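J.: no sequence on hand, only this structure:
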């Protein structure tokens with residue numbers, strides 16, 4: 001992953017250098033051509049009648065050459081006006097591209113609003129094996145236990161939450177009074193990535209189990225949810241969810257500018273938040289004496305929050321040809337990642353014709369790890385955004401692009417599960433499962449399709 005980020009930043013740097021070189025060539029061309037655009041013809045006022053006929057003919061030839069030059073695209077203008085929409089708008093060189101073309105209003109605006117539809121996907125989230133099964137006839141002591149050839153994993157072990165996620169990004173830009181400095185604000189969010197696994201076993205067939213490592217006996221074991229003639233009317237559900245939003249505010253100012261390209265440097269503030277959760281719910285009815293008819297419900301809950309606040313710096317490079325333009329936004333944010341892990345669980349037993357009793361702790365949640373945990377960690381968040389845009393008219397622009405964002409330090413719900421469990425920890429050590437912050441990295445990437453209104 002770090003090699004991928006390094007490669008993308010090198011490509012962005014190469015593109016920026018190319019744009020800067022193109023800007024220098026354009027500026028050089030502007031300097032050479034300026035004497036033509038600013039050629040001054042003397043008015044035939046004082047002493048015009050005294051000039052010889054040859055001088056008058058030479059003046060007429062120069063005037064004809066000047067008019068021919070003015071019929072071409074002017075270079076190095078000191079100021080011009082562009083009509084924007086029906087209301088019209090006046091711009092100066094500092095506000096507009098100094099080289100006007102057929103779509104010169106592309107660069108002559110002081111406010112812009114952009115809306116984009118996001119079609120992204122994120123890195124999969126890891127979980128340990130959470131649901132297993134075994135074929136009929138498997139001994140109860142081996143049913144659902146990892147390590148036996150008859151055990152199949154129904155859920156877990158593989159990454160979850162890898163589906164495409166819809167989202168939206170809103171952007172606003174405003175040019176300050178100095179006509180050189182922009183203030184940009186963006187906010188974006190993705191729909192939650194939800195995934196649910198559900199299985200039921202009315203008669204105890206199929207066998208359903210939650211595998212774990214018995215820390216007291218030091219062997220693999222399984223919590224049986226459904227087993228013939230032992231646990232029936234059973235159900236087992238795993239629900240996971242991930243929410244992701246972000247926003248930033250930065251100031252940018254033109255660093256290099258040519259006829260068809262410019263590079264802006266930027267700096268500002270970035271915020272992101274990612275919430276992740278995983279819930280396990282298992283219900284079964286016992287057929288084992290003396291607890292026949294007792295309904296047991298087990299709940300495990302793991303939730304995490306990752307809130308990033310930091311400063312950012314980067315660049316925006318834009319190059320255009322007629323009505324097409326290419327935008328490359330690259331920036332790096334560094335700051336604090338505030339991480340929160342919330343672990344909770346319970347087990348409720350309802351005897352036949354009796355009152356329910358609830359105790360703290362499910363399976364992977366026990367008194368040894370239940371609680372709220374917080375910490376702050378340094379993190380960096382690079383982002384690369386590439387857009388290809390088409391200027392429809394002086395007010396509207398449409399675009400499509402690609403975005404990649406990376407977080408170096410996050411905590412996810414599935415990673416906080418400790419499979420080492422001692423169900424008798426209240427009376428016999430060790431006190432497991434234990435809690436330790438388990439960190440990982442995360443990324444989001446995908447396509448965007450949008451439109452921009454500028455005025």
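T.: Alright, I've got the coordinates. Note that the coordinates shown come from a computational prediction; the quantities given were computed from them, not determined experimentally.

J.: now the strands for the stretch 251-400 of the chain?
T.: In order along the chain, the stretch 251-400 of the chain carries the following strands (DSSP state E, counting those that start in this stretch): 261-286, 295-321, 324-350, 357-360, 371-391, 396-411.

J.: now do the last one against strand 295-321, angle only.
T.: Just to be clear, that refers to strand 396-411. For strand 396-411 and strand 295-321, the angle between their directions (axes from the mean of the first three to the mean of the last three Cα atoms, to 10 degrees) works out to 140 degrees.

J.: direction included, what does strand 396-411 pair up with?
T.: Looking at strand 396-411 with DSSP bridges, its paired strands and their directions are strand 371-391 (antiparallel), strand 439-454 (antiparallel).

J.: quick revisit: so for residue 125, which of the strands of the stretch 251-400 of the chain sits nearest?
T.: Proximity of the strands of the stretch 251-400 of the chain to residue 125 was assessed by Cβ to Cβ; the nearest stretch is strand 261-286, lying at 6.7 Å. Where you see a C-beta, it was placed from the backbone N, CA and C, and this is true even at glycine.

J.: buried stuff in stretch 438-453?
T.: Residues of stretch 438-453 classed as buried: 439, 442-444, 446, 448, 450, 452 (neighbour count, 16 or more other Cβ atoms under 10 Å).

J.: show the average pLDDT along that stretch.
T.: Averaging the model's pLDDT scores along stretch 438-453 yields 98.

J.: repeat that for stretch 370-383.
T.: Mean per-residue pLDDT for stretch 370-383: 98.

J.: repeat that for stretch 130-146.
T.: Averaging the model's pLDDT scores along stretch 130-146 yields 97.

J.: and it, how far from the chain's centre?
T.: The offset between the C-alpha centroid of stretch 130-146 and the centroid of the whole chain comes to 40 Å, using Cα atoms, centre = their mean, to the nearest Å.

J.: contacting residues around that stretch?
T.: With contacts defined as Cβ atoms under 8 Å, 6 or more residues apart in numbering, stretch 130-146 is touched by 129, 148, 150-156, 197, 199, 205-211, 220-222, 224, 227-228, 230, 236, 238, 280.

J.: and the strands in the stretch 51-200 of the chain?
T.: Read by DSSP E, counting those that start in this stretch, the stretch 51-200 of the chain holds these strands, from start to end of the chain: 79-82, 89-92, 111-122, 131-133, 152-155, 165-175, 181-201.

J.: what residues are up against residue 227?
T.: Contact partners of residue 227, counting by Cβ under 8 Å, 6+ apart, are 140, 143, 204, 207, 209.

J.: if you rank these by neighbours, which is first?
T.: Within those, neighbour counts (other Cβ atoms under 10 Å) peak at residue 207, which reaches 28 neighbours.

J.: what residues are up against that residue?
T.: The neighbours of residue 207, taking Cβ under 8 Å, 6+ apart as the test, are 133-136, 138, 143-144, 201, 224, 226-228.

J.: beta-bridge partners for residue 343, please?
T.: For residue 343, the residues forming beta bridges with it (DSSP bridges) are residue 302, residue 371.

J.: just checking, it touches residue 302?
T.: Yes: in terms of Cβ atoms under 8 Å, residue 343 counts as a neighbour of residue 302; the distance is 5.8 Å.

J.: common neighbours of the two, please.
T.: 365, 416.

J.: burial count for residue 353?
T.: By the criterion of other Cβ under 10 Å, residue 353 has 6 neighbours.

J.: state the pLDDT value of it.
T.: If you check residue 353, the pLDDT there is 90.

J.: equivalent analysis for residue 199, please.
T.: Residue 199 carries a pLDDT value of 97.

J.: give the contact list for residue 353.
T.: In this structure, residue 353 makes contact with residue 293, judged by Cβ under 8 Å, 6+ apart.

J.: quick one: it and residue 289, what's the gap?
T.: Distance from residue 353 to residue 289, counting by Cβ to Cβ, to the nearest Å: 16 Å.

J.: same question for residue 436.
T.: Taken as Cβ to Cβ, the spacing of residue 436 relative to residue 289 amounts to 40 Å.

J.: more neighbours: which of these two?
T.: Ranked by neighbour count (other Cβ under 10 Å), residue 436 and residue 289 place residue 436 first, with 11 against 6.

J.: spatially nearest residue to residue 404 (excluding sequence neighbours)?
T.: Spatially, and ignoring its direct neighbours in sequence, residue 404 is nearest to residue 445 (4.3 Å; Cβ to Cβ, 6 or more residues apart in numbering).

J.: surely the one you found and residue 405 touch.
T.: Yes: if you go by Cβ under 8 Å, residue 445 and residue 405 touch, sitting 7.2 Å apart.

J.: what's the neighbour count on the residue lying closest to residue 313 once chain neighbours are set aside?
T.: On the basis of Cβ to Cβ, 6+ apart, the spatially nearest residue to residue 313 that is not a chain neighbour turns out to be residue 267, at 4.7 Å. Burial of residue 267, expressed as a neighbour count using other Cβ under 10 Å, amounts to 13.

J.: residue contacts, residue 267?
T.: 250-252, 311-314.
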